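>>> okay, here's the prediction I keep looking at, along with the sequence it came from:
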Amino acid sequence: MKGVTANSITFIDHEKNMSEHQLQPEKWVDLYADYLFNYAIVRVNDAETAKDLVQETFFSGLKSAKNFKGDAAERTWLIAILKRKVIDHYRKRNSKKGRAEVHINYNSEDGADGDWLEEQVADPFSSYENDTIENEELGLAIQSCISKLPKKQALVFTMKTIKGISTEDICNELNINPSNLWVMIHRSRTALMGCLNKNWF
Amino acid sequence: MISCEKASVICNKTQYKEASFNERLKLRLHLILCDTCSKFAADNKKLTSLCEKANLHGLSEQEKTLMKHQLREKF
């Protein structure tokens, strides 16, 4: 009897948390790690660094949890912290004297012509920049839709689609049979089509 | 003729290049005759190309578990 009461209390608390934008740090990794990771990786261009930034973001979030006023969604709040982390990362990297200048004015990576910044001014008719921005938005949209899937479906979809792991390996690792796998793939793909539908289809 | 359910499984396999020649043939035939599945196949293909275009990255399960442990220590 006691157990039942306790359960119903946690359930009510949980409901309350959902409606008032409270923080639930124990769910952060599952819900937001990939989303934040995608955000970071296009900005720092290095998986290890991106991972560290995400981890630091979670730590900072935990530390300043009492400053969270609840007027933003949890994810928006975490992204704001991550943004600061990315800026700090570049600041730290450039604080080694002299490097910053070289970094800005001269790019010797491909040798030959076009090393100086003036020679690299963006072509105003190029659609490349817009494409990059659009692709990033798309990536975040997909990631956010994936995080709305049931956990196991999200896992299977990610392993198959993003990491390209073979059907056989996934089945062995998760201890399921191929027809289970295809059912889950089907459900996740259908859900994603629905979720992305408004903006991307 | 194969069922719509079977067609959808083959269609999903096609997205990962795992459908056999025989299966693809059956799917083609089904799609000629079934509008609902044709719509699904088109959307499914679109989803695949969106995923490719977005160049998605993900952390591995081990990395996430480690993150969770480290985060829990700070609670």
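Alright, I've got the coordinates.

>>> report the contact partners of residue A:159.
Contact analysis of residue A:159 by C-beta atoms under 8 Å, 6 or more residues apart in numbering or on different chains lists A:165, A:170, A:173. In short, each C-beta sits where N, CA and C put it, glycine included.

>>> from those, which is closest to chain B?
Set against chain B, the nearest of these by C-beta to the nearest C-beta is residue A:173 (8.8 Å).

>>> check contacts around that closest one.
Residue A:173 neighbours (C-beta under 8 Å, 6+ apart): A:159, A:165.

>>> would you turn the contacts of residue A:159 into TSV with secondary structure, pLDDT and distance to residue A:86?
Shown next, in TSV, are these (DSSP: H, G, I helix; E, B strand; the rest coil; pLDDT from 0 to 100; distance: C-beta to C-beta, whole Å):
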residue	secondary structure	pLDDT	distance to residue A:86
A:165	coil	92	29
A:170	helix	95	33
A:173	helix	92	33
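
>>> now those residues in CSV, with distance to residue A:32?
Compiled in CSV, the contacts of residue A:159 are given as follows (distance: C-beta to C-beta, whole Å):
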residue, distance to residue A:32
A:165, 22
A:170, 23
A:173, 23
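
>>> out of the residues you listed, flag the one nearest to residue A:182.
Residue A:182 has its nearest neighbour among these in residue A:170, at 10.9 Å by C-beta to C-beta.

>>> I figured that closest one hits residue A:178, correct?
No - between residue A:170 and residue A:178 there is no contact under C-beta atoms under 8 Å: 9.1 Å.

>>> out of the two, which sits in the more crowded spot?
residue A:170 (19 against 13; other C-beta atoms under 10 Å in any protein chain shown).

>>> does residue B:14 sit in a helix, a strand or a coil?
helix (DSSP: H, G, I helix; E, B strand; the rest coil).

>>> pretty sure it is touching residue B:26, no?
No - between residue B:14 and residue B:26 no contact is recorded; they are 11.3 Å apart, counting by C-beta under 8 Å.

>>> contacts only, for the most centrally placed residue in chain A.
Nearest residue to the geometric centre of chain A (C-alpha atoms, centre = their mean): residue A:35, 1.6 Å. Residue A:35 makes contacts with A:75, A:140, A:143-144, A:147, as judged by C-beta under 8 Å, 6+ apart.

>>> now swap in residue B:38 and tell me
Residue B:38 neighbours (C-beta under 8 Å, 6+ apart): residue B:31.

>>> how near is it to chain A?
14 Å (C-beta to the nearest C-beta, to the nearest Å).

>>> cool, and residue B:54?
4 Å.

>>> what pLDDT does that residue get?
Residue B:54 carries a pLDDT value of 89.

>>> how about chain A: which residue is closest to chain B?
For chain A, C-beta to the nearest C-beta, closest residue to chain B: residue A:139, 3.9 Å.

>>> tell me where chain A has strands.
For chain A, no strands are identified by DSSP state E.

>>> where does it dip in pLDDT?
A:1-20, A:96-129 (pLDDT under 70).

>>> could you rerun that using 90?
A:1-27, A:30-31, A:41-47, A:63-74, A:90-137, A:163, A:197-201 (pLDDT under 90).

>>> all helices of it, in order?
A:2-19, A:28-44, A:47-63, A:74-94, A:99-105, A:128-146, A:151-157, A:167-174, A:178-200 (DSSP state H).

>>> and residue B:56, backbone torsions?
phi -70, psi 150 (degrees, to the nearest 10).

>>> residue A:142 is in contact with that one, correct?
Yes - the criterion here is C-beta under 8 Å, and residue B:56 meets it with residue A:142 at 6.3 Å.

>>> between the two, which is the more surrounded one?
Neighbour count, other C-beta under 10 Å: between residue B:56 and residue A:142, residue A:142 has more, with 25 against 22.

>>> and chain B, which of its residues are near chain A?
B:8-9, B:12-13, B:15-16, B:18, B:43-44, B:46-47, B:50-51, B:53-61, B:63-64, B:67-68, B:70-72, B:74-75 (C-beta under 8 Å from any C-beta of the partner chain).
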